[in-house]
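Student: sequence? don't have it. structure:
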């Protein structure tokens, strides 16, 4: 089984913990200290939010400013369009921002959220039949309905 750990540099660890738990994620205290927090989305997906100082011990490269530069695009699925809207609302209520308008492709609905440091996470819902059939077949089926 593969587990996904995404390392994210933050300027304020306590603020980052409050933000992500405000979205409904948990914290694994076994991997949380004054330098890092393990944000638990589910049994396979984790964010390691790390102070910038600690993050810099893992790389010799310059740490980008997520408010002005993009390093990675993270996308997490939700169970419904409503769940996408709810997590975005929770993110905004906990200090995040929505940098772009919602995108509705018919087979997929997505919204972007930036945490207080500017790190972006996209939340999306894809119609299960579109994922099974492929988007072209799904859209053709919808056009005939």
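Tutor: Received, thanks. Please read these numbers as outputs of a predicted model, since none were measured by experiment. Numbering: from 1, shown residues only.

Student: Can you give the domain ranges for the protein?
Tutor: 1-59, 66-145 (automatic domain parsing).

Student: Confidence-wise, which of those domains is weakest overall?
Tutor: Of all the domains of the chain, mean pLDDT reaches its minimum on domain 66-145 (a mean of 93).

Student: and the end-to-end length of it?
Tutor: 43 Å (C-alpha to C-alpha, to the nearest Å).

Student: Make 36 the starting number, not 1.
Tutor: Shifting the count to begin at 36 puts that one at domain 101-180.

Student: now the strands for this protein?
Tutor: Along the chain, the segments classed as strands by DSSP state E run 39-45, 61-63, 71-75, 80-86, 109-112, 138-139, 143-149, 155-161.

Student: which helix of the protein spans the most residues?
Tutor: helix 116-128 (DSSP state H).

Student: what's the angle between it and strand 143-149?
Tutor: 10 degrees (axes from the mean of the first three to the mean of the last three C-alpha atoms, to 10 degrees).

Student: tell me, how many neighbours does residue 166 end up with?
Tutor: 13 (other C-beta atoms under 10 Å). The C-beta positions use only the backbone N, C-alpha and C, and glycine is treated the same way.

Student: beta partners for residue 148?
Tutor: Listed by DSSP bridges, the beta-bridge partners for residue 148 are residue 156.

Student: Contacts only, for it.
Tutor: 122-123, 126-127, 131-133, 155-158 (C-beta atoms under 8 Å, 6 or more residues apart in numbering).

Student: ok, the residue nearest to residue 89 when sequence neighbours are not counted - contacts?
Tutor: Distances taken as C-beta to C-beta, 6 or more residues apart in numbering put residue 70 closest to residue 89, at 3.9 Å, once the chain neighbours are dropped. Applying C-beta under 8 Å, 6+ apart to residue 70 gives the contacts 48, 85-86, 88-89.

Student: Which single one of the residues you listed is nearest to residue 39?
Tutor: Closest to residue 39 out of the contacts of residue 70 is residue 85 (15.8 Å), distances taken as C-beta to C-beta.

Student: neighbours around that closest one, how many?
Tutor: 20.

Student: Quick check: the gap between the residue nearest the centre of the chain and residue 168.
Tutor: Centroid-nearest residue in the chain: residue 156, 3.2 Å away (criterion: C-alpha atoms, centre = their mean). Here the criterion is C-beta to C-beta, to the nearest Å. By it, residue 156 lies 27 Å from residue 168.
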